[in-house]
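A.B. asks: What shape does this take:
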Amino acid sequence: MGTLDGKVAFVTGAGRGQGRSHAVRLAEEGADVIALDICANAVETVGYPLATSDDLKETVAQVEARGRRALAGIADVRDLGQVQKVVDAGLAEFGGIDVVCANAGVGSWSVSWEMPEQVWKDMIDVNLTGVFNTVRAALPSMVERGEGGSVVLTSSTAGLLGYLNTAHYTAAKHGVIGFMKVLALELGPHRIRVNAVCPTTVNTPLVVNAPTFELFAPGVTNPTAADVHEPFAALNILPDVPWIEPEDVSEAVVWLCSDAARYITGVALPIDAGNTVKKG
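C.D. replies: As a prediction, this is how the structure comes out:
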């Protein structure tokens, strides 16, 4: 018996990384999953490849291997109409949505006063407007059903602090936390809880990629994970932790969506190996 038996979860950015991990872990707790991803390299200012349709198919396969149903939807979270079509297909298939994980996001680096306009725009459009579009598409049906639910928005330690070269990312992630607090106020009367998770660096392509490694290991030709291990680990209190795993975040997501957290709403929860305490 799982903590989410009979529930339906809508997860964005589900093709890989944290999104896939969340989808699979939610399925292990009994939830059917609507899995959305862009499945294209459609954000040109990001210096690493995005998830593919094969990635999304693998997520679906892993959910189904846990004995749950899954519906794959290809959409760009920057486009509310595309997201709404996926939500509508999920509602037609499963009858309702109980859990929303607005997880889709991208990362890039730039000094603020040198940042090209498109770099800023893409980051805000995906990481903040994309979160709005996700909940805007799903929430009306949840409110109308009147059965409560849980919404978890993916922010970051950058939603709580500031980091060099991340003005656009930090602004978006701070915005996610502000948005979460308003949603918690508005949705509380409908028994829908809203929280945010704030991970430190996570072992996903958003962090583990060539542009990021080059930033953290300046002067090193073709830096590897070994070259950036020490500077990444220095961000956190717990020793020798350059980054956490997606599953570490998923455990917090599942808990926030379960009845074990039935009185938790309006919270920005760090999963950060002590990063925010060390920097704060």
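
A.B. asks: element containing the residue nearest to residue 123 when sequence neighbours are not counted, please.
C.D. replies: The shortest distance from residue 123 to any non-neighbouring residue, by Cβ to Cβ, 6 or more residues apart in numbering, is to residue 168 (3.9 Å). C-beta: built from backbone N, CA, C; applies to glycine. Under the criterion of DSSP states H and E, residue 168 resides in helix 167-187.

A.B. asks: May I have the helix or strand following that helix as CSV, with CA atoms only?
C.D. replies: Remark: after helix 167-187, the chain's next helix or strand is strand 192-199, criterion DSSP H and E. The C-alpha coordinates for strand 192-199 follow below in CSV (Å, rounded to 0.1, in the frame of the first residue of the first chain):
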residue,chain,number,x,y,z
ILE,A,192,-5.0,22.2,-1.8
ARG,A,193,-1.5,22.6,-0.3
VAL,A,194,1.3,24.3,-2.1
ASN,A,195,5.0,24.1,-1.3
ALA,A,196,8.3,24.5,-3.0
VAL,A,197,11.5,22.4,-2.9
CYS,A,198,14.8,24.2,-3.0
PRO,A,199,17.6,21.8,-3.9
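
A.B. asks: Residues contacting the very next helix or strand once past strand 192-199, please?
C.D. replies: Scanning forward in sequence from strand 192-199 by DSSP H and E, the next helix or strand is helix 210-216. Identification of contacts with helix 210-216 by Cβ atoms under 8 Å, 6 or more residues apart in numbering yields 47-48, 107-109, 165, 220, 222-225, 227-228, 231-232.

A.B. asks: List the buried residues in stretch 107-118.
C.D. replies: Neighbour-count burial for stretch 107-118 flags 107-110, 115 (criterion: 16 or more other Cβ atoms under 10 Å).

A.B. asks: just stretch 119-136 next, same as before
C.D. replies: In stretch 119-136, counting by 16+ other Cβ under 10 Å, buried: 119-120, 122-135.

A.B. asks: Start and end of that stretch, how far apart?
C.D. replies: With Cα to Cα, to the nearest Å as the measure, the first residue of stretch 119-136 is 24 Å from its last.

A.B. asks: re the thing from before, of the contacts of helix 210-216, buried ones?
C.D. replies: Buried, going by 16+ other Cβ under 10 Å: 48, 107-109, 223, 228, 232, out of the contacts of helix 210-216.
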